[in-house]
Every structure is written in C-alpha cells, then in structure tokens.
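Asks: Sequence plus predicted model, see below.
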Amino acid sequence: MFRTHFTLEKAQTDLGYASKYRPFSKKEELQNKKDTAEQEVENLQKKLEAQQEKTDTKTKEVEVKEAEVQQLQEEGQRMETSLQTLMGEVELKWPLVSRQKFEEEQQREEAEKKVHILEETLQKKLQERDQTELNWTIIDEELKKAKSHLDSKDTKISQLQRHVDELLADNQSLRDVKQISEDVQKELAAIRKELQERDQTELNWTIADEDLKKAKSDLDSKDRELSQLQRHSQAGHFEGSDHSRSVEPPCPPPNTQTSDSGFNIEVNQHGKYIRLINSSTEDKDLGEWELQLQVNNNHPIMHRFDKSFNLRAGGFVTMWAAGYGCNYYNTDLKWKDLKSWSSGDSLKFSLYSHTGEIQYEHCVTFAEIF
C-alpha cells in the first residue's frame, strides 16, 4: 500500500517535471501513469476477492466444526443423563448388584474421559473460531484501507486527467506545427529521392555515352582498316602491287569440309596475314585448338591458340607473320612461323580441336600476276 502511494507520488513528480521540460510527451506519460494506477487497483481487487474466497471457505469449515462440537455436547449430555440414571439405579440396587456397580463405575470413568476429550476438542474449536474472527477483523480493516486508497487514487487520477486535458488544449498549436513539420520532411524526402534518381539516370547516361564513344572509336578503327584493305586490293588489281585477287583453289575440297562448319578464312597473297572468321551465330571456344597451314607439298606449320581463347559470333582473328602488323589490335595475333608465298602456290588450311578432331579445311590457290 505504501509502495503504491509512493509510486503515485513519484508519478506526479515525474509528471510535473515532464510538463516543464518535455511538453510533447506529457500526455503519453500521464496515460502510462494512469494505466499503472488502474492496474494496481485491479490487482488489489483481485487480491481482496481471493482473500474473500479463502475467508468464506474458513467460515464454512468453522460452521461444520461447530456442528460437530454441538453434536458432541449433546452426546455428552445424553451420556451424563444416562450416567445419572445409572447411578440412581445402582444406588437402589446396590446390595444386589455390586459387580454391576463396579462395571458401571468403570464405564463412568471412561465416559468422563470421553467428556474431557470432547471438552478439549470443543476448546480447540472455540480457539479456532476466535482466530477466524480475528482474521476477519484484520481483513475487514485491510479492505477499508484498500477502499480508502482506491478512492484516493481515483481522485488523483481525475486530477491528472483534468491536467492532461488542459495540457492537450495548450499544446494543440504545437501539434499543428509538428504536423506541418512532418509534411515538410516528407516533401524534402521525396525531393531528395527524385534528385538521387536523377543523378543515377545522369550517371547511367554518362556510362552509356562513354560506351558509345568507345564503340564508335572501335568502329572507326575497323572502318579505317577495311578502307586500307580495299585500297590495297584495288591497287593490286589495277597497278600490280603486293596484293592480288584470290580465287577458288583448283584443288578439290576436302571430304571433311561441311557447309555448316561456321568458319571462313581470308588469305593475303604474300603471306603477311591470314584471317580466321567465325561466320556462325554462336561463340566458338578455340582453347588449345590448332590451325595448320601447308604450302604446296612442304612440311605444314602450326599455330596453337591459348587455352582461354574465344572467338565471338561474327568476329574474326588476324594472325600476322613476323615483321608485319606492328600496331596490333585486340583481334590480332602473331604467327612467327608464317612466311610469304608466291603466286600460283596452293595453300591448305586445317583447323583441329583440342581433341585432335578436324573441324574445318580450306584450300586457296593464287593466280599468276601478269
């Protein structure tokens, strides 16, 4: 009880402190204190109800015991009456029934003992009843104190509620300001999110622009290389320069060549380079594959691709002979054993997989230059 009173006083002190320094949380704190006080009141009521049930049980037990004592008293009275009657008969029949008198004397002593025992039992029951009445008195006092304490708490709760209502009325404008601030914060958050998305879009556009510039640079480089090849091809055709037109080989096509092999080979007449083209729509993994070249009946030469080499769909790789192709691109390789050949030579190309199976063959014969 004193602890609850102290808790309520501390709640009032905290409420006063909060009302002075934290105006935005007064209602919440007052509501918490009110809920705590109501919980304590409910706990006390439950405790009183439990004590009332125990008291009712004890009262019933006492009533049962009192009934038993009453029965014992009645039985004792009946026995005493019987004893007196018996004694009267004994006095009348004493000369004739001395033995019976002795037996009756014994029965009397036994009856007195029983009466003594019953008196002691009755005394204990009376003491228990007195103790029960005392407990009832204590419980009644506690109930009165609890009721008084509850009434006091109800009064204080009413005061606190009125104080909360006053604080709510005073802080209405503050809540309006808080709501406006929250709305402004939401708008700022939306603006920040929009700016972040715009920055990310600009970054993506920048990356895409750089990729486009790089692709355009690569395309321009390819266009320059193609233009040089076309100029050299035209010069060789009309002026008799280093290049000449390649024609289909007179040698019969190999039996292993298939129309869906997915490879083509472009050959420079004087052995400056050869170009392997992936004409299919799928990437080709050429890791540890071998490209073999045989000029006429000479011993063939071989180039082995790296283990991680991959030729993309529609792409090509240019393999330059030693001394040519000084400015290598990503699609250029160097074939040290590749040497020049003359007009009229027959070239046979064979492409083997890493398991040694032939994948592609091609023959080229260059016409005489006049």
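Replies: Perfect, thanks for sending it.

Asks: Ser343 touches Thr365, doesn't it?
Replies: No - using CB atoms under 8 Å, Ser343 makes no contact with Thr365, being 9.5 Å away. Quick note: C-beta positions are derived from backbone N, CA and C, even for glycine.

Asks: For the two, indicate the residue with more neighbours.
Replies: Taking other CB atoms under 10 Å, Ser343 and Thr365 do not tie; Thr365 has more neighbours (17 against 13).

Asks: any idea which element the more buried one lies in?
Replies: strand 358-366 (DSSP states H and E).

Asks: just Arg129 next, same as before
Replies: According to DSSP H and E, Arg129 maps onto helix 98-170.

Asks: Val69: what's it in contact with?
Replies: Residues counted as contacts of Val69 (CB atoms under 8 Å, 6 or more residues apart in numbering) are Thr121, Leu122, Lys125, Leu126.

Asks: So it versus Asp165, what's the distance?
Replies: With distances taken as CB to CB, to the nearest Å, Val69 is found 61 Å from Asp165.

Asks: what do you get for Phe309?
Replies: 84 Å.

Asks: Out of those two, name the residue with the larger neighbour count.
Replies: Using other CB under 10 Å as the criterion, Phe309 and Asp165 rank with Phe309 on top: 15 against 12.

Asks: That one - nearest residue in space that isn't next to it in sequence?
Replies: Here the nearest residue to Phe309 in space, its sequence neighbours aside, is Leu286; by CB to CB, 6 or more residues apart in numbering that works out to 4.8 Å.

Asks: Surely that neighbour and Lys307 touch.
Replies: No - at 9.8 Å, Leu286 does not count as touching Lys307 under the criterion of CB under 8 Å.

Asks: The two: which is more packed in?
Replies: Legend: neighbour count by other CB under 10 Å for Leu286 and Lys307, higher for Leu286 (24 against 10).

Asks: Who are the contact partners of that one?
Replies: Phe305, Phe309, Asn310, Leu311.

Asks: and it, what pLDDT?
Replies: As predicted, Leu286 sits at a pLDDT of 92.

Asks: now swap in the one 3 residues further on and tell me
Replies: Turning to Trp289, the model gives it a pLDDT of 94.

Asks: and it, how many neighbours?
Replies: Trp289 has 21 nearby residues by other CB under 10 Å.

Asks: Go ahead and confirm it touches Thr355.
Replies: No - contact criterion CB under 8 Å: Trp289 and Thr355 do not qualify, at 9.7 Å.

Asks: what sits against Leu311?
Replies: Leu276, Asn278, Asp283, Lys284, Leu286, Val317.

Asks: so where's the stretch 201-350 of the chain uncertain?
Replies: The stretch 201-350 of the chain contains residues with pLDDT under 70 at 201-204, 206-211, 213-218, 220-260, 325-331.

Asks: Go again with 50.
Replies: Scanning the stretch 201-350 of the chain for pLDDT under 50 picks out 234-250, 252-259.

Asks: So which residues of the stretch 151-300 of the chain form helices?
Replies: 172-239 (DSSP state H, counting those that start in this stretch).

Asks: shouldn't Met79 be in contact with Glu112?
Replies: No - Met79 is beyond contact range of Glu112, at 9.3 Å (criterion: CB under 8 Å).

Asks: More neighbours: these two, which one.
Replies: Each of Met79 and Glu112 has its neighbours counted (other CB under 10 Å); Met79 has more, 18 against 14.

Asks: and the closest residue to that one other than its chain neighbours, what does it touch?
Replies: Excluding the flanking residues, the one nearest Met79 by CB to CB, 6+ apart is Ala111, at 5.1 Å. When contacts are counted by CB under 8 Å, 6+ apart, Ala111 is found next to Met79, Glu80, Leu83.

Asks: Show me what Glu361 bridges to in the sheet.
Replies: Ser350 (DSSP bridges).

Asks: For Glu80, see how far away it is.
Replies: In this view, Glu361 and Glu80 are 142 Å apart by CB to CB.

Asks: Look at the two and report which has more neighbours.
Replies: Glu361 (20 against 14).

Asks: Confirm for me that that one is in contact with Tyr352.
Replies: No - contact status for Glu361 versus Tyr352: not in contact, 10.0 Å apart, counting by CB under 8 Å.

Asks: sorry, back to before: average pLDDT for the strand holding Thr365, rounded please.
Replies: For strand 358-366, mean pLDDT rounds to 87.

Asks: Near Gln131, how many residues? Count them for me, please.
Replies: The tally of other residues near Gln131 (other CB under 10 Å) stands at 12.

Asks: list the contacts for Asn310?
Replies: Contact analysis of Asn310 by CB under 8 Å, 6+ apart lists Asp283, Lys284, Asp285, Leu286, Gly287.

Asks: From the recorded domain assignment, give the ranges for the chain.
Replies: 2-170, 175-242, 246-366 (automatic domain parsing).
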